[in-house]
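K.L.:
Coordinates for the following, if possible.
(chains A and B)
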Protein chains: 2
Amino acid sequence: MEVELKDMIEDLESLKQSLSDPSLHSSIDKLRLRVENLTNMAKSVPVRRSKVKDMSAEVVDSNPYSRLMALQRMGIVKNYERIREFSVAIVGVGGVGSVAAEMLTRCGIGRLLLYDYDKVELANMNRLFFRPEQVGMTKTDAAVQTLSDINPDVVLESYTLNITTVQGFDTFMSSLRNKSFCPSKEGTGVDLVLSCVDNYEARMAVNQACNELNQTWMESGVSEDAVSGHIQLLIPGETACFACAPPLVVASGVDERTLKREGVCAASLPTTMGVVAGLLVQNTLKFLLNFGYVSPYLGYNSLKDYFPTMAMKPNPQCSNAACLERQEEYILAKPARDAAAKAKMEAEALSATECQLHADNEWNISIVDDSEQDRMDGTSADALPEGLTRELPSADEFQKSSVPGSTDTSVDDLEILRRQLDALNAD
Amino acid sequence: MEVELKDMIEDLESLKQSLSDPSLHSSIDKLRLRVENLTNMAKSVPVRRSKVKDMSAEVVDSNPYSRLMALQRMGIVKNYERIREFSVAIVGVGGVGSVAAEMLTRCGIGRLLLYDYDKVELANMNRLFFRPEQVGMTKTDAAVQTLSDINPDVVLESYTLNITTVQGFDTFMSSLRNKSFCPSKEGTGVDLVLSCVDNYEARMAVNQACNELNQTWMESGVSEDAVSGHIQLLIPGETACFACAPPLVVASGVDERTLKREGVCAASLPTTMGVVAGLLVQNTLKFLLNFGYVSPYLGYNSLKDYFPTMAMKPNPQCSNAACLERQEEYILAKPARDAAAKAKMEAEALSATECQLHADNEWNISIVDDSEQDRMDGTSADALPEGLTRELPSADEFQKSSVPGSTDTSVDDLEILRRQLDALNAD
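P.N.:
Down below sits the predicted model:
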């Protein structure tokens, strides 16, 4: 628009010069003023933020990464900037996938691959992310528009396709294999696949692709009544694949499209989907940046605010051939894994001894133990700056002692535990 | 902009008529064409969706409420459209408050009151909601801009003020008292206050206002290390107020502004804040629309995916005078509460008997039991349409039986329960 306005000023100037009657010059000047006003109006249309070369921890209002880099000073993450090296694929850009994409974009993920074949509808407006003016656009196009405005540093790749078709599946597979973003990376070209689809068929397609490619992925889902959801980590060969166990999200015997055609639609809420997206991306950050405990399965029952957890081993009778291959490889690699674990333990023991030897520590050099147990229990508690205390007790503290300010909790807990024990013993 | 372009066309026409030299007419026509092109460009700027008079459950792509009204057919909510009668005040439009406001807006809440004094900065971009082009705007203005585009049906009131100043507190109080939106409402003009502020002083101001007005509210918070958070329900006189118990979010002895000035900033993540906002608004929906269990306190420890719960009674030695008044009123109202509860139980018993008497039920009239226990355990499970099954077992089922598909879970559970019992017995 600015180019057109500039051209118009030039046209007005040349017209003015060709006018013989000077009394008409004022009309031209008036028109020129109008165009200048319009130019100013057009300029007030938002400009995008420029790219940021390096993530800085500097605390200034203009730094979009200051609050993320602060995770290092707070002792939560060792090297936050590594996030720029990672590629995450998000399959399904709906109520969960779009919010997951926005969270990863705002966290400054290196590269996002987005897959969806659907268009934005007004019926999607009860969930976060899409805006009414995007109705009619493909979800991938609308997502790229919004996400590139939010953070131009993220490399966005979008695929408007259905992964359950033969051609869509092939493109999906080759896009995951493409290693041009980080040629030195082992395995595929992506670090994690997030499944945010809403049907069984698409989940089975993601499962097939990830089993074939030996690709770690996370599953997510929200129930048809909108009030429960879950996330699940799937490592081919090591954990149950989606075909190993009867799926946890079931629309038994009824096709979703049939439901829709008959004028029945599933319910959805921005709350449940926002919580599931948040838990999914939090698990993703923990997995990629190596902090906290990566949950193998986490459920969310919002009616009771109840969060079940569990872990599932692969099924040796799984119907998926690629899963069986990965299981075999995992078993064969056991001696190597054991040796690596032993070497790591020995190295850590040595570090601990060295720490003892240099107890005065003149240069204030500390050797940080990165074993999982320590990351979970110790590091972050010790690393808070002076004056700040932790908001919640750690799970261990909480379970060991009774709840402060509530005298009868331990009695209730005992009663609940006794009933649970009885139920388990009765099996 | 369209008005200016229309004026310009008129100016060009009158100029054309005053030109004696017809050879210059083509220059004017060329300019006119340019203005017409600009008019078309200006028109392609997104138009907002129109208001919707009544919430419809019709399953068409153009219905922004179809997936919410489906909560009724799924048996989760009895009357979803009641949401249009409610007013919710959100204090603090930051990482949690802005997302909570967006969720309530997309759910079609009747009226939202927003309070914040801060401006949008690039440093906020690591959390959801605000966009880089809004940098420099007040958070309230930017929020109203985004929210009114998303859902023009919601009545938005914004207050750019600091509630911890004397004048700000007065305006806050009178805005809560204003009953013009729903004059028949008992108590104040709002149904719930959500505190989404990031400091102790502001929380104490919300606490003071709600104790004085006998206003139910919910507290929320995220820890400085960005990896924990909580929500809490506060009913003056009935539960602990914010001054009754030592606050759970503590920056002990250190002022946040001091921290910021010294070049230290707290960490934040879109994930944790998104989860806390989701849990907060889910609790709000359960509270307003009368379904599920409204949590008195729910914590979120993201490093361990651990969600502590508890309930706190008011402190008879609370330092807040208004809290003590509400406590006294609550105790005095006990006989009336007991009588009401008894009458309700008797009415329910009568309904049950009547149901038995008319077992054939020719007109298919059902008397639904709205006691809390039934809402929590029964209704929704029975009400799912044929062919749909629940994603997660209810908490009761889950605790009674072992996890399906995981053969060694019961042994692990037994071991965990035994250790928890030992820990509790050791107290």
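K.L.:
any idea how far A:Asp116 lies from A:Val222?
P.N.:
16 Å (Cβ to Cβ, to the nearest Å). To be clear about C-beta, it is placed using only N, CA and C from the backbone, and glycine gets the same treatment.
K.L.:
now do A:Lys51
P.N.:
Counting by Cβ to Cβ - A:Lys51 and A:Val222 are separated by 35 Å.
K.L.:
Tell me which of those two has more neighbours.
P.N.:
Per other Cβ atoms under 10 Å in any protein chain shown, whichever of A:Lys51 and A:Val222 has more neighbours is A:Val222, with 29 against 9.
K.L.:
Just the pLDDT for that one.
P.N.:
The model reports A:Val222 with a pLDDT of 95.
K.L.:
and it, how far is that from A:Ser302?
P.N.:
10 Å.
K.L.:
other SSEs contacting whichever helix or strand A:Ala142 is part of?
P.N.:
A:Ala142 is part of helix A:139-150 when elements are defined by DSSP states H and E. Identification of packing neighbours for helix A:139-150 by 3 or more Cβ pairs under 8 Å, 6 or more residues apart in numbering or on different chains; DSSP states H and E yields helix A:97-106, strand A:111-116, strand A:155-160.
K.L.:
so which of these is the most packed in?
P.N.:
Highest mean neighbour count among these (mean count of other Cβ atoms under 10 Å in any protein chain shown): helix A:97-106, with a mean of 27.
K.L.:
Of all the helices and strands packed on helix A:139-150, which one comes closest to chain B?
P.N.:
Nearest to chain B among the helices and strands packed on helix A:139-150 is helix A:97-106; the distance by Cβ to the nearest Cβ comes to 4.4 Å.
K.L.:
That closest one: how far from the chain's middle?
P.N.:
6 Å (Cα atoms, centre = their mean, to the nearest Å).
K.L.:
Return that helix as PDB; C-alpha atoms alone will do.
P.N.:
The C-alpha trace of helix A:97-106 is given here as PDB (Å, rounded to 0.1, in the frame of the first residue of the first chain):
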ATOM      1  CA  GLY A  97      -1.700 -28.700  18.200                       C
ATOM      2  CA  SER A  98      -2.100 -25.000  17.500                       C
ATOM      3  CA  VAL A  99      -1.600 -24.100  21.100                       C
ATOM      4  CA  ALA A 100       1.400 -26.400  21.400                       C
ATOM      5  CA  ALA A 101       2.800 -24.800  18.200                       C
ATOM      6  CA  GLU A 102       2.300 -21.300  19.700                       C
ATOM      7  CA  MET A 103       4.000 -22.300  23.000                       C
ATOM      8  CA  LEU A 104       7.000 -23.800  21.200                       C
ATOM      9  CA  THR A 105       7.200 -20.700  18.900                       C
ATOM     10  CA  ARG A 106       7.200 -18.400  21.900                       C
END
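K.L.:
where does the stretch 151-300 of chain A dip in pLDDT?
P.N.:
Applying pLDDT under 70 to the stretch 151-300 of chain A flags the ranges A:246-264.
K.L.:
picking that back up, switch the helices and strands packed on helix A:139-150 over to TSV; also include distance to chain B.
P.N.:
As requested, the helices and strands packed on helix A:139-150 are arranged in TSV below (distance: least, Cβ to the nearest Cβ, whole Å):
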stretch	distance to chain B
helix A:97-106	4
strand A:111-116	14
strand A:155-160	16
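K.L.:
now those as JSON lines including distance to A:Val144?
P.N.:
Output for those, formatted as JSON lines (distance: least, Cβ to Cβ, whole Å):
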{"stretch": "helix A:97-106", "distance to A:Val144": "10"}
{"stretch": "strand A:111-116", "distance to A:Val144": "7"}
{"stretch": "strand A:155-160", "distance to A:Val144": "5"}
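K.L.:
just so I know, which of those lies nearest B:Glu121?
P.N.:
helix A:97-106 (13.8 Å; Cβ to Cβ).
K.L.:
tilt between that closest one and helix B:97-106?
P.N.:
Helix A:97-106 and helix B:97-106 are oriented at 160 degrees to each other (axes from the mean of the first three to the mean of the last three Cα atoms, to 10 degrees).
K.L.:
Great, nothing more from me.
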